[in-house]
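Q: structure of the sequence below:
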Amino acid sequence: MISGPQALQSLHDALAEIRAEERAITERMARATDKIARLRATEAEHFASLAEIRLSPEAQADMKGRLNTAETEARQLIAQHAAEIETAQDELGNIEARLAELADRRAQTLEALEVSHRALDDLSDEVADRLEKDEAFVARREAVKHGFEIADRANEKAEQAEADREEKGKPYREDPLFMYLWERGFGTRNYKATNLIRFFDGKVARLVRYDDARANFAMLNDIPLRLREHADRLMEEAEDAGEALEAEEIAAVDAAGGKPAREAVEAAQSEIDAIDAEIVELEDDRDEQARRLRKLAQGSDPAFKDAASLLAKSLMREDVDVLLADARATDTGADDSLVGMIDSLRATLVEDETEVREDKERLKVLASRRRELEDIEWEFKKARFDDPRSSFSKDDLVGDMLGEFLRGAITASSYWGQWRDAQKWRSGTSRPGGRIGLPRDNFRHSNWRGGDPFSSVLKGALGGGSSSSSGGSFSRPRSGNKGSRRHGGFKTGGGF
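A: Next up, the predicted model:
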């Protein structure tokens, strides 16, 4: 068995490992990119030296002047680029240090939450037994449960009507003549047109049998709206009744002496929620800063591109190629030495550029994997799975299965589904639901399903957070909604 805090720590450690590898690769790529630029500048130096040996004074002055200018400007831009990388690395380090501080503070608050939970645990059986003997309370609870069942059925009908609207309304929406008349409001008091247009619209209407089609299409659109309004009203009424009953349960807990512990739980949970909100914001800042640093490390920023372009244009001119070819064709010691240095330098450039390309691809995989793991961690916290009373029956969730996810062998949604399936709540009683304690973000009708004998406080206390990750998507907010994470796992390997 893995406890909730242990499980969250495992996810946190995996994230830390990914971030550390991202940092290491980015720093290596920055060094390699800087080295490539400096090698290009050195290459320009060698060609300038070669020009001194082989070219006439006039041609030599022209080529040397061009190459030296490109080299000087490039080295200045390279130095500026290195300073920008250092600044970006410092900013990223500050964000990560703050994230580490928040993680420590959250862990301490979670420990305080567990202490308060223990105090409430001692009261749960007593309160549950007393309320179970209150016939009026049991009747109200059954009425609330029945209300949610009715609301669920109404919601299903509304969803079916909405599906019918999409399916059965498709032929109407794909008929351009019908939609032309429909959008103009033909046959209604909103229709306005000249006599000539009315005449031709009438002919079109008779051609497509518009009157009958309009009535059917209007019904297809109207029925789902009415059913949705009805279902939403029933759900709101059921939730209001459920919240009232929940307040009654909380009052029973307070009357039994649980108020101080309950308020301590709520205070600790509020602090954890505030910490989690700050973590999300900082993670997004980190994501943006890491993206900026990757661009710098790859040489994608405008200043560095200008430096690289300046050198490339100078070194790719035809007269430079001719100079090198002529030097190869002659057997001169000074020529041969420079040609050998240029060839060696170019071979090193090929190796370094290949390494940068590979690192760039690896960073793409790591960034996507990190974002998916952040999604899972968010859902984990949202569902309160990190609560000390939460545990997981599969040890390999933090072992082999985590490794498979990090390698891309299983998708993020599948991995999260395994966590949900393995999760259990510790209970000191034989009744489903167990002990009181964990406050919910909001009252949700899912707390009433399953026939638990003691309703919302107990059920919500032990798993009221609901995950919206079914179907492969996640609910973690992202600043600016940058990028898409609604995909399966990568199939590329990695260092995990």
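Q: in the host helix or strand of residue 145, which residues are buried?
A: Using DSSP states H and E, residue 145 sits in helix 135-168. For helix 135-168, a neighbour-count test (16 or more other C-beta atoms under 10 Å) marks 137, 140-141, 144-145, 147-148, 151-152, 154-155, 157-158, 161, 165 as buried. The C-beta positions use only the backbone N, C-alpha and C, and glycine is treated the same way.
Q: so which other helices or strands are in contact with it?
A: helix 57-132, helix 210-253 (3 or more C-beta pairs under 8 Å, 6 or more residues apart in numbering; DSSP states H and E).
Q: what about the stretch 201-350 of the chain, any weak spots by pLDDT?
A: The model of the stretch 201-350 of the chain has pLDDT under 70 over residues 300-334, 336.
Q: picking that back up, after the helix holding residue 145 comes which helix or strand?
A: Assignment by DSSP H and E places the next element after helix 135-168 at helix 170-173.
Q: neighbouring contacts of stretch 186-206?
A: The list of residues contacting stretch 186-206 from outside it, by C-beta atoms under 8 Å, 6 or more residues apart in numbering, reads 177, 180-181, 184-185, 210-211, 214.
Q: filter these down to the buried ones and hand me the ChimeraX line.
A: Selection of buried members from these for ChimeraX, criterion 16+ other C-beta under 10 Å:
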select :181,210,214
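Q: in CSV: the contacts of stretch 186-206, plus distance to residue 198.
A: Below are these laid out as CSV (distance: C-beta to C-beta, whole Å):
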residue, distance to residue 198
177, 16
180, 14
181, 11
184, 10
185, 12
210, 13
211, 15
214, 16
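Q: which residues does residue 275 contact?
A: Counting by C-beta under 8 Å, 6+ apart, residue 275 has contacts 102, 105-106, 109.
Q: list buried residues within these.
A: By 16+ other C-beta under 10 Å, these give 102, 106, 109 as buried.
Q: what segments of the stretch 351-496 of the chain are helices?
A: Remark: helices assigned in the stretch 351-496 of the chain by DSSP state H, counting those that start in this stretch are 400-407, 412-422, 456-461.
Q: in TSV: the ones you listed, plus distance to residue 297 and mean pLDDT.
A: Formatted as TSV, these follow (distance: least, C-beta to C-beta, whole Å; pLDDT from 0 to 100):
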stretch	distance to residue 297	mean pLDDT
helix 400-407	22	85
helix 412-422	26	89
helix 456-461	47	35
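Q: before we move on, back to that, so which of the helices and strands packed on helix 135-168 gets nearest residue 370?
A: helix 57-132 (12.3 Å; C-beta to C-beta).
Q: pLDDT on the closest one, on average?
A: The average pLDDT for helix 57-132 rounds to 79.
Q: ok, residue 157 touching residue 226?
A: No - if you go by C-beta atoms under 8 Å, residue 157 and residue 226 don't touch, sitting 10.5 Å apart.
Q: tell me what angle the helix holding residue 145 forms with helix 57-132.
A: 140 degrees (axes from the mean of the first three to the mean of the last three C-alpha atoms, to 10 degrees).
Q: next, the angle from helix 135-168 to helix 210-253.
A: Using the same axes, to 10 degrees: helix 135-168 against helix 210-253 is 150 degrees.
Q: chain center to helix 135-168: distance?
A: 32 Å (C-alpha atoms, centre = their mean, to the nearest Å).
Q: for stretch 150-158, give me every contacting residue.
A: 224, 227-228, 230-231, 234-235, 237-238, 445.
Q: change it to 6 Å
A: Stretch 150-158 is contacted from outside by 227-228, 230-231, 234-235, 238, using C-beta atoms under 6 Å, 6 or more residues apart in numbering.
Q: out of the contacts of residue 275, who's nearest residue 366?
A: residue 102 (22.0 Å).
Q: the closest one and residue 90, how far apart?
A: To residue 90, residue 102 is 19 Å away according to C-beta to C-beta, to the nearest Å.
Q: same question, residue 363
A: For residue 363 relative to residue 90 (C-beta to C-beta), the value is 20 Å.
Q: neighbour-wise, which of those two wins?
A: Per other C-beta atoms under 10 Å, whichever of residue 363 and residue 90 has more neighbours is residue 363, with 20 against 9.
Q: residue 376 contacts residue 417, doesn't it?
A: No - using C-beta atoms under 6 Å, residue 376 makes no contact with residue 417, being 10.3 Å away.
Q: these two: who's more crowded?
A: Neighbour comparison, residue 376 and residue 417: the larger count goes to residue 376, with 22 against 16 (by other C-beta under 10 Å).
Q: the residue lying closest to the more buried one once chain neighbours are set aside: neighbour count?
A: Using C-beta to C-beta, 6 or more residues apart in numbering and skipping the chain neighbours, the partner closest in space to residue 376 is residue 416 (5.0 Å). Using other C-beta under 10 Å, residue 416 has 24 other residues around it.
Q: between the buried residues of helix 135-168, which is nearest residue 8?
A: Nearest member of the buried residues of helix 135-168 to residue 8, counting by C-beta to C-beta, is residue 148, at 30.9 Å.
Q: my guess is that closest one contacts residue 239, does it?
A: No - Residue 148 is not in contact with residue 239 according to C-beta under 6 Å; the separation is 8.2 Å.
Q: related to what we said a few turns ago, any chance of the contacts of stretch 150-158 in CSV, plus neighbour count?
A: What follows is the contacts of stretch 150-158, written out as CSV (neighbours: other C-beta atoms under 10 Å):
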residue, neighbour count
227, 19
228, 17
230, 15
231, 21
234, 18
235, 18
238, 23
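Q: give the contact list for residue 344.
A: No contacts exist for residue 344 under C-beta under 6 Å, 6+ apart.
Q: give me the number of residues near residue 474?
A: 22.
Q: who touches it in this structure?
A: Taking C-beta under 6 Å, 6+ apart, one finds 375, 379 in contact with residue 474.
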